[in-house]
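>>> Pasting the sequence and the predicted model now:
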Amino acid sequence: MYAVGIDIGTTTVCGVLLDVKNGRVEDVKTLDNDAAFRGQAYERLQNPERIWELVENIYKGFLLEHPQIACIGLTGQMHGILYTDRDGKAASPLFSWQDERGNEPYPGEEGKTYAQVLSELTGYSMATGFGLTTHFYNLKNNLIPEGAVSFCTIQDYMGMRLTGRKAPCLAVSDGASLGCFDLEQMEFDRKALEKAGINPEILPSCTADCSLLGKTAEGIPVSTGIGDNQASVIGSVRELEGSVLVNVGTASQISTGLTKYVKADKTELRAISRDQYILVGAGLCGGRAYAALESFFRRTVERMTGKDPGKLYGAMEKILKERGSQGTDLKVDTRFCGTRTEPGRRGGIENLGLENFTPEEFILGVLDGMAEELHTFYREMEKLGVARAKYLIGSGNGLRMNPWLQRIFEERFGLPMQIPVHKEEAAYGAALWALTAAGAYPSIREAQQMIAYE
């Protein structure tokens, strides 16, 4: 028997076929997510029907080749929303997590954005890209689609399409990602939303349990969707408490689990299910910082020589090998894309002198800065009483493909870094979530014991 996990990312849609007996990934299907289309300058939109075609292609492909599918799990980009109508069909594009309308200036409130005004009205920290920030902007600008009765994330909509449901039902991981969500009570804060003029009737229903959404036409159980960060954690660590997961892709996150509600300030508390949480520190730039440095080097060579040298990651790695991994006194703040709470913030360089004004130091300085941003988040987590770190787990291509960055994290934490054998951590976690929801395992923790490391 097999479990299918599908991860609906911003640029790709990935599916894994997991052997239920041993946890091995037997097949992987990855398709480019070509659903994006142009809107206003601040908009980041995707076509949900095109995404459905991609998901259906992956699911039907697995079913054709491996008919013994026990369950299907779905994960994907959190925060973003699309509106649904009474028939359970999309009434709007997907407003992705990268949508910038929340950073637009709010009329009559000089110097304030829609996200900032909504934060003040509700008492919750709201950022652009959060589903309810997007909805607040649309509401104030008469952009709610005709016929819209609710909204949900893209993975929840895919669950509706697979099962034929007409109304969305979100796991708390997705519900909380939309904002204005009481993590202690595990429900949207309706009174806070009413203060902002938002009618709670449009809110989707939520469940705090690992549960099934329904079944496909072929009778295959489909679990509720789960946020990609939570799915990546579930699909990477065997134990939520005591494990520190570092993920570096386009963005970056550091996560660790706990079983009680805590009030977090400088990090973010995210729900997995009832009495299961993770603390998360998220960097908006992440691997883009290293990619930006490579782009700078490449453009410099091209402007100086008139020739495009091609990708320079190999040359950068060679430079690091020649230099060695000892630390640098160059301090690089890699928050080049700002932060969720300070979108206008930018990075910087400190302690720059003639002796370290070199490519070697800049390469190591950027890697060190990427690690420092996440380790700073972890120091805040320690103040909230998380379990002592026993395991350091790494995931994401930005980390898998960069042994130098792995070493820097190992030095920071004083622990060896373990990398999961499978590379599709979020899709793998969605499959484990579905197996638990379908009753194949009594708990997520027992399902996680199938995870193997390199």
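Ah, there it is.
>>> What residues of the helix or strand bottoming out on mean pLDDT in the chain count as buried?
The least trusted helix or strand in the chain, going by mean pLDDT, DSSP states H and E, turns out to be helix 397-400, with a mean of 89. Neighbour counts over helix 397-400 (16 or more other CB atoms under 10 Å) mark 398-400 as buried. Where you see a C-beta, it was placed from the backbone N, CA and C, and this is true even at glycine.
>>> Equivalent analysis for stretch 177-195, please.
So, applying 16+ other CB under 10 Å, buried residues of stretch 177-195: 177-181, 183, 186-189, 192-193.
>>> got a list of contacts for the least confident helix or strand of the chain?
246-250, 252, 286-287, 290, 394, 405-406, 409, 419, 423 (CB atoms under 8 Å, 6 or more residues apart in numbering).
>>> same thing but at 7 Å, please
By CB atoms under 7 Å, 6 or more residues apart in numbering, the residues outside helix 397-400 that reach it are 246, 248-249, 286-287, 290, 405-406, 419, 423.
>>> same question, stretch 49-69
So stretch 49-69 is contacted by 1-2, 4, 6, 8, 13, 15, 17, 27, 29, 31, 33-35, 72, 90, 154, 158, 161, 218, 220 (CB under 7 Å, 6+ apart).
>>> Can you name the next helix or strand after the longest helix seen in the chain?
Counting by DSSP state H, the longest helix found in the chain is helix 359-383. Downstream of helix 359-383, the next assigned helix or strand under DSSP states H and E is strand 391-395.
>>> Next up, identify which helix or strand residue 116 is on.
Per DSSP H and E, the secondary structure element for residue 116 is helix 114-122.
>>> Tell me the first helix or strand C-terminal of that helix.
Downstream of helix 114-122 (by DSSP H and E), the next one is helix 131-140.
>>> avg pLDDT for that next one?
The average pLDDT within helix 131-140 is 98.
>>> Same question for it: list its buried residues.
So helix 131-140, judged by 16+ other CB under 10 Å, has buried residues 131-139.
>>> ok, so of these, who is nearest residue 308?
Using CB to CB, residue 134 comes nearest to residue 308 of the buried residues of helix 131-140, at 38.7 Å.
>>> Run a quick check on the closest one versus residue 96, I expect a contact.
No - at 9.3 Å, residue 134 and residue 96 do not qualify as touching, with contact defined as CB atoms under 7 Å.
>>> ok, the buried residues of stretch 177-195 vs residue 257, which is closest?
Looking across the buried residues of stretch 177-195 and measuring by CB to CB, the closest to residue 257 is residue 183, at 14.2 Å.
>>> wait, the closest one sits on residue 274?
No - if you go by CB under 7 Å, residue 183 and residue 274 don't touch, sitting 11.2 Å apart.
>>> Okay, and which of the contacts of helix 397-400 map to strands?
246, 248 (DSSP state E).
>>> I'd like the contacts of helix 397-400 laid out as TSV, including neighbour count, pLDDT and distance to residue 296.
Output for these, formatted as TSV (neighbours: other CB atoms under 10 Å; pLDDT from 0 to 100; distance: CB to CB, whole Å):
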residue	neighbour count	pLDDT	distance to residue 296
246	28	96	25
248	29	92	19
249	17	84	20
286	24	86	17
287	22	88	15
290	23	93	11
405	23	95	18
406	21	95	23
419	17	96	28
423	16	91	28
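>>> Which parts of the stretch 151-300 of the chain are strands?
169-171, 181-182, 187-188, 205-207, 212-215, 221-223, 226-227, 243-248, 252-258, 268-273, 276-283 (DSSP state E, counting those that start in this stretch).
>>> ranking the ones you listed by burial, who's on top?
Of all these, strand 226-227 has the most neighbours on average by mean count of other CB atoms under 10 Å, namely a mean of 32.
>>> so what does that strand touch, helix or strand wise?
helix 172-177 (3 or more CB pairs under 7 Å, 6 or more residues apart in numbering; DSSP states H and E).
>>> just checking, what packs against the helix it packs on?
Short answer (3+ CB pairs under 7 Å, 6+ apart): helix 172-177 packs on strand 226-227, strand 268-273.
>>> packing partners for the last one?
I take that to be strand 268-273. Under the contact rule (3+ CB pairs under 7 Å, 6+ apart), strand 268-273 is packed against helix 172-177, helix 228-234, strand 276-283.
>>> partners of it in the sheet?
strand 276-283 (antiparallel) (DSSP bridges).
>>> Okay, angle between the strand it pairs with and helix 359-383 too, please.
Between strand 276-283 and helix 359-383, the angle comes out at 150 degrees (axes from the mean of the first three to the mean of the last three CA atoms, to 10 degrees).
>>> what angle separates strand 276-283 from strand 243-248?
Using the same axes, to 10 degrees: strand 276-283 against strand 243-248 is 30 degrees.
>>> Great, nothing more from me.
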